[in-house]
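[1] everything below, folded, please.
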Amino acid sequence: MKPTPKTSWSPDRLDVRAFAQAGASLQADEPIEHFHRLKAEAHAEDGQANLGSVAWQAHGEMRAGTTGGAAAAWLHLQAGTSVPLTCQRCLGPVDTSLSVDRWFRFVNDEATAAAEDDDCEEDLLALEPRPSLHDVLEDELLMELPLVPLHETCPVPVVMQVSDPMVGLDDGEPERKNPFAGLAKLKK
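    Residues are numbered from 1 along each chain as shown. Coordinates of the predicted model:
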């Protein structure tokens, strides 16, 4: 990590107000293995050596209050990575790019954040307890995951068993009879 000169900032328990007052920045390129929940979403393969990394940066600044009140601490978080997810069509790995570019306004506590959340457009977080940038970053990356990861075109042919009536016939299974065929005979 590259901390702002003269001050060392801990992304694990960041004093956001001091970070914003200093106009400080942090950046890092960390292995996905450090983000346990994101790693759990990755396609599991035997002997998977390296999942890649998450490149991120954070910048703090103080901005004047919207109603002329005290200045508020803001944090700009940017991140990018590529995660191998499981394609829901062919069940193979599909590299999925994830990127985050968000601004967060910090308020004194959770109660204030909950009270103001419905009336503002920006994302609100509480100053206390001190947030972990890694947790905030991981939350944002998880929200970027697609609901159903898919290849545009799967690298292997995919047999659709539900829509393909010939599937299973060459496995020695007898042809399935239509359960309503008997009803059609009674109708005549």
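[2] for the protein, give me the ranges with low pLDDT.
    Within the chain, the ranges that satisfy pLDDT under 70 run 1-7, 46-49, 66-68, 160-175, 188.
[3] show me where it has its strands.
    25-31, 53-63, 72-86, 93-107, 123-126 (DSSP state E).
[4] mind putting those in a markdown table, distance to residue 134 and mean neighbour count included?
    Heads up, the C-betas are built off the backbone N, CA and C, glycines and all. Output for those, formatted as a markdown table (distance: least, Cβ to Cβ, whole Å; neighbours: other Cβ atoms under 10 Å):
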| stretch | distance to residue 134 | mean neighbour count |
| --- | --- | --- |
| strand 25-31 | 8 | 16 |
| strand 53-63 | 9 | 19 |
| strand 72-86 | 11 | 19 |
| strand 93-107 | 13 | 17 |
| strand 123-126 | 14 | 16 |
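[5] nearest residue to the middle of the protein?
    By Cα atoms, centre = their mean, the mean C-alpha position of the chain lies nearest to residue 142, the distance being 1.9 Å.
[6] against residue 62, how distant is it?
    For residue 142, the distance to residue 62 equals 29 Å [Cβ to Cβ, to the nearest Å].
[7] can you give me the neighbour number for the residue nearest to residue 90 when sequence neighbours are not counted?
    Ranked by Cβ to Cβ, 6 or more residues apart in numbering and with sequence neighbours excluded, the top spatial neighbour of residue 90 is residue 154, at 4.0 Å. When neighbours are defined as other Cβ atoms under 10 Å, residue 154 has 14 of them.
[8] backbone phi and psi for residue 154, please?
    phi -60, psi 140 (degrees, to the nearest 10).
[9] wait, it touches residue 88, no?
    No: taking Cβ atoms under 8 Å as the definition, residue 154 is not a contact partner of residue 88, at 10.3 Å.
[10] now for residue 73: which residues touch it?
    Residues in contact with residue 73 (Cβ atoms under 8 Å, 6 or more residues apart in numbering) are 16, 17, 19, 20, 21, 60, 61, 62, 105, 106, 127.
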